[in-house]
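**Q** let me see the structure of the following:
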Amino acid sequence: MKHIKILGLLLVVGFLGILSSCSEDEEIQGALVIQTGLLKNVMYTSALCGGEISGGAEIGERGVCWSTAEHPTVTDAHTSDGKGRGEFLSEMNGLQEGTLYYVRAYAYTNEGVQYGDEKWCVTLAKGRPTLAMVSVTDVKTSSAIVKAEVFTDGGTEITERGFVYALSSAVEGELTLENAGKVKVDGKVGTLKCMLEELIDHSEYVCRAYVSYTGGTVYAQSLYFMTEMFPEPAVEITSIDDIRGESFQVSVKAVSGTPLPILEYGFVYGEVAVPTLEDTKVVLGEGDGEKSYKLEGLEQGITYQVRPYARNKNGVVYGEIQSVTTLSYKAIISTQLSAHITAHRAYAGGEVTSTGLLNAPIIEAGICWGTAHNPTIAGNKVMAEGVDGEHLKFEPLQLFPLNPNTTYYVRAYVTNEYGTTYGEEENFKTRQPVADYFKAEASKEDNPLFNALNLTADFLDKQASADQIEAYNKLVPILTSYGSRILKAYRISLGTNSSKDLSYIYTSLEYENSSGKAYSAIWRSELAVNANYQYTVSHHAINTGNNNASNIINSAAKNGQTEDLERSMNYLTEGPFVIDWDTESSTTFNSAFYIIPLNAPEKYKRMEVYRNTKITVYDPWW
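**A** Numbers count the residues shown, from 1 in each chain. Below you'll find the model as predicted:
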């Protein structure tokens, strides 16, 4: 199908004098511009045109080219009118009578042939009128303005003129009075213009002007245009109610808002996130209206996505999706993930949003998690306490132990006598391990991180565990028996091997006596670590090589306090443990950390960060 774009001006008779072209010696300024001149002295088989060339680099041969098809080139008929820049005039000969021609100026440059804008003309004809289509403008959904020009009557009597038009898909071959609709326009020679009305929106039309005379009918070239599309109809779910275990009712409203009728409206639904007409469809009616429908035979406790739709000749439009969950004998719960996520811990809570059709008592509720989608209570889980018919929401529960740098999936769950249901799935990624931040360097300037954990007397009320506080308090009388005045700090220093991997833990006491402040390392443990940064003690030794340490140990043994002294390290020797961040943003000296036994997380040790730059020994005591 050929779409013809008409450019140019109306026929102009006569021509102006021709200016001489500019000298090649003149200074070249700006980019190349080629302008096609006005068509003048259009006769039966000839016409004058020409053009003007300015700017650019080297300009060779120039002239005009023409054809009965759009965008003529130098491979078509053309003139040669000298070289260089400036204005020039071209004489076009050998034209056919009563024929539309397209014309462009051209010039040869160092980048090849370049062309100017396109103009057109219609040659005169003997014994018949000449005409051409000029434009199709102001195209709307159901109308367009068409314009043509009748140049001459050819010495005949014009009996009728106007336009023929049709849907392009409905016409084979050229458009004529016999196969198209028409609009008559009064007049003879000159402009004819009218508005085509009652068109179909979003459709392609073809149109051409015609002139009938005593010898027959002549036609202009065909122009194609596309009408605008009417706005889409509005469709919405006005209500979803009467929700039961196996049914619910949906009401949908559809409004066209245009002359274009709604052929069908209704809704689609399914368990998929975005249902379409490919899923289950319910047709409610046609035209504008609002209707309701009760869906039956559904499954209990299932969340369905419901989406309204409307269809007209231009296609289908969908409204906003609404979710609806059928009731169930089972309870329904939602998952609530906390933002507190560390290397080995995360927190998630839940809320029971329905206790089921029969309000059956809740047997158990909590959180389950895993590294795969859709975790269940067959895997990792932690149970909430106190969830019943009156207390339906539980605060975030600690998920432990987790592996660093790992993505987890989590769901709340609730169980009654009819079974277990799960909340929506959430996911999170744990932080990097604390070991990445513990280094044994020579000075603070060399390493801005840290390598020790410290528990001081004024830190006990800052979320220390009951086991930690009891162990700390039992160290105080041990030092008093030894002759010290007060326990200043209980410190765990992290030592590295020659590769600077976290490999040792020193347990030390800092205290004051008559000689001032003293600091003694009591135990040293060698650690083994797995890929999940879970530590176990592979070797444990008492520091008998230090007099202060030996004296404290001997004093404790003498006074029956050995068990209390060893209490400070029992959580290391009894089983594996992790070292975790205090919060999701801990990285600085103002932070705190947890040492958490895997088998007894309630016996954690919460420690302040402390820099111990003296621990640079890589050799064990043993």
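**Q** buried sites along the longest strand belonging to the chain?
**A** Using DSSP state E to define each element, the chain has its longest strand at strand 516-529. Residues of strand 516-529 classed as buried under the neighbour-count rule (16 or more other Cβ atoms under 10 Å) are 518, 520-527, 529. Glycine gets a C-beta too; all of them are placed from N, C-alpha and C.
**Q** how far does that strand sit from its chain's centre?
**A** 53 Å (Cα atoms, centre = their mean, to the nearest Å).
**Q** can I get that strand in CSV? Just the C-alpha atoms.
**A** This file holds the C-alpha atoms of strand 516-529, laid out as CSV (Å, rounded to 0.1, in the frame of the first residue of the first chain):
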residue,chain,number,x,y,z
GLY,A,516,47.5,-0.3,90.9
LYS,A,517,45.8,-1.8,87.9
ALA,A,518,46.7,-5.3,86.9
TYR,A,519,45.8,-7.3,83.8
SER,A,520,46.1,-11.1,83.6
ALA,A,521,45.3,-13.5,80.8
ILE,A,522,43.8,-16.6,82.5
TRP,A,523,42.9,-19.0,79.7
ARG,A,524,43.7,-19.4,76.1
SER,A,525,41.6,-21.5,73.7
GLU,A,526,42.5,-22.5,70.2
LEU,A,527,39.5,-22.4,67.8
ALA,A,528,38.3,-24.4,64.9
VAL,A,529,35.9,-22.7,62.5
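**Q** helix or strand next in line after the helix or strand encompassing residue 194, which one?
**A** Assigned by DSSP states H and E, residue 194 belongs to strand 190-196. Tracing the chain past strand 190-196, the next element assigned as helix or strand by DSSP H and E is strand 204-213.
**Q** helices and strands around that next one, which ones?
**A** Identification of packing neighbours for strand 204-213 by 3 or more Cβ pairs under 8 Å, 6 or more residues apart in numbering; DSSP states H and E yields strand 130-137, strand 144-152, strand 158-167, strand 190-196, strand 216-219, strand 223-226.
**Q** between these, which gets nearest to residue 261?
**A** Closest of the helices and strands packed on strand 204-213 to residue 261 is strand 158-167, at 18.7 Å (criterion: Cβ to Cβ).
**Q** could you give the average pLDDT over the closest one?
**A** Here strand 158-167 scores 97 as its mean pLDDT.
**Q** the closest residue to residue 107 other than its chain neighbours and residue 415: what is the separation?
**A** Spatially, and ignoring its direct neighbours in sequence, residue 107 is nearest to residue 62 (4.4 Å; Cβ to Cβ, 6 or more residues apart in numbering). Separation of residue 62 from residue 415 (Cβ to Cβ, to the nearest Å): 90 Å.
**Q** ok, the two, which is more surrounded?
**A** With neighbours defined as other Cβ atoms under 10 Å, residue 62 and residue 415 compare such that residue 62 has more, 28 against 19.
**Q** pull stretch 210-222 out as PDB, backbone CA atoms only.
**A** C-alpha atoms of stretch 210-222 as PDB (Å, rounded to 0.1, in the frame of the first residue of the first chain):
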ATOM      1  CA  TYR A 210     -12.400  13.600  -8.100                       C
ATOM      2  CA  VAL A 211     -13.700  15.900 -10.900                       C
ATOM      3  CA  SER A 212     -16.500  14.800 -13.300                       C
ATOM      4  CA  TYR A 213     -16.700  16.600 -16.700                       C
ATOM      5  CA  THR A 214     -18.400  16.000 -20.000                       C
ATOM      6  CA  GLY A 215     -15.800  13.500 -21.100                       C
ATOM      7  CA  GLY A 216     -15.700  11.400 -17.900                       C
ATOM      8  CA  THR A 217     -14.100  11.600 -14.400                       C
ATOM      9  CA  VAL A 218     -10.500  12.200 -13.400                       C
ATOM     10  CA  TYR A 219      -9.000  11.500  -9.900                       C
ATOM     11  CA  ALA A 220      -6.200  12.900  -7.800                       C
ATOM     12  CA  GLN A 221      -3.600  10.800  -6.100                       C
ATOM     13  CA  SER A 222      -4.700   8.800  -3.000                       C
END
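**Q** what does that stretch contact?
**A** By Cβ atoms under 8 Å, 6 or more residues apart in numbering, the residues outside stretch 210-222 that reach it are 2, 4, 6, 98, 100, 127-133, 148, 150, 153-154, 156-164, 174-177, 182, 206-209.
**Q** list only buried entries from those.
**A** With neighbours counted using 16+ other Cβ under 10 Å, the contacts of stretch 210-222 contain these buried positions: 4, 6, 98, 100, 128-133, 148, 150, 153-154, 156, 158, 161-164, 175, 206-209.
**Q** most distant residue from the middle of this protein?
**A** Ranked by distance from the centre of the chain (Cα atoms, centre = their mean), the top residue is residue 558, with 70.9 Å.
**Q** please name the nearest non-neighbouring residue to residue 291.
**A** residue 284 (4.2 Å).
**Q** next one: residue 73
**A** That would be residue 65: by Cβ to Cβ, 6+ apart, it lies 6.0 Å from residue 73.
**Q** now swap in residue 173 and tell me
**A** Counting by Cβ to Cβ, 6+ apart, residue 179 is the residue found nearest to residue 173 once chain neighbours are left out, at 7.9 Å.
**Q** any buried residues in stretch 111-118, and which?
**A** 114-116, 118.
**Q** among the residues you listed, which are located in strands?
**A** Per DSSP E, the buried residues of stretch 111-118 map to strands at 114-116, 118.
**Q** now residue 475: how far from residue 610?
**A** According to Cβ to Cβ, residue 475 stands 17 Å off from residue 610.
**Q** could you check which of these two has the larger neighbour count?
**A** residue 475 (22 against 17).
**Q** hang on, the more buried one in a helix?
**A** Yes: according to DSSP: H, G, I helix; E, B strand; the rest coil, residue 475 belongs to a helix.
**Q** returning to what we had before: residues contacting the residue nearest to residue 107?
**A** Residue 62 makes contact with 51, 53, 80-84, 88, 105-108 under the criterion Cβ under 8 Å, 6+ apart.
**Q** before we move on, back to that, could you look up the SS state of the residue nearest to residue 173?
**A** Per three-state DSSP, residue 179 ends up coil.
**Q** phi first, then psi, for it.
**A** Backbone torsions of residue 179, given as degrees, to the nearest 10, read phi -120, psi 20.
**Q** what about it, neighbour count?
**A** By other Cβ under 10 Å, the residues close to residue 179 number 13.
**Q** check contacts around it.
**A** By Cβ under 8 Å, 6+ apart, the contact set of residue 179 is 166, 171, 173.
**Q** measure the closest residue to residue 393 other than its chain neighbours to residue 392 for me?
**A** Spatial nearest neighbour of residue 393, excluding adjacent residues (Cβ to Cβ, 6+ apart): residue 351 at 4.2 Å. Computed as Cβ to Cβ, the residue 351 to residue 392 distance reads 6 Å.
**Q** same question for residue 358.
**A** In terms of Cβ to Cβ, residue 358 sits 16 Å off from residue 392.
**Q** which secondary structure elements does the worst-scoring helix or strand of the chain on mean pLDDT contact?
**A** Among the helices and strands of the chain, strand 452-456 carries the lowest confidence by mean pLDDT, DSSP states H and E, at a mean of 75. The criterion is 3+ Cβ pairs under 8 Å, 6+ apart, and the helices and strands that strand 452-456 contacts are strand 486-496, strand 605-610.
**Q** which one of these lies closest to residue 45?
**A** Nearest to residue 45, of all the helices and strands packed on strand 452-456, is strand 605-610, at 99.2 Å by Cβ to Cβ.
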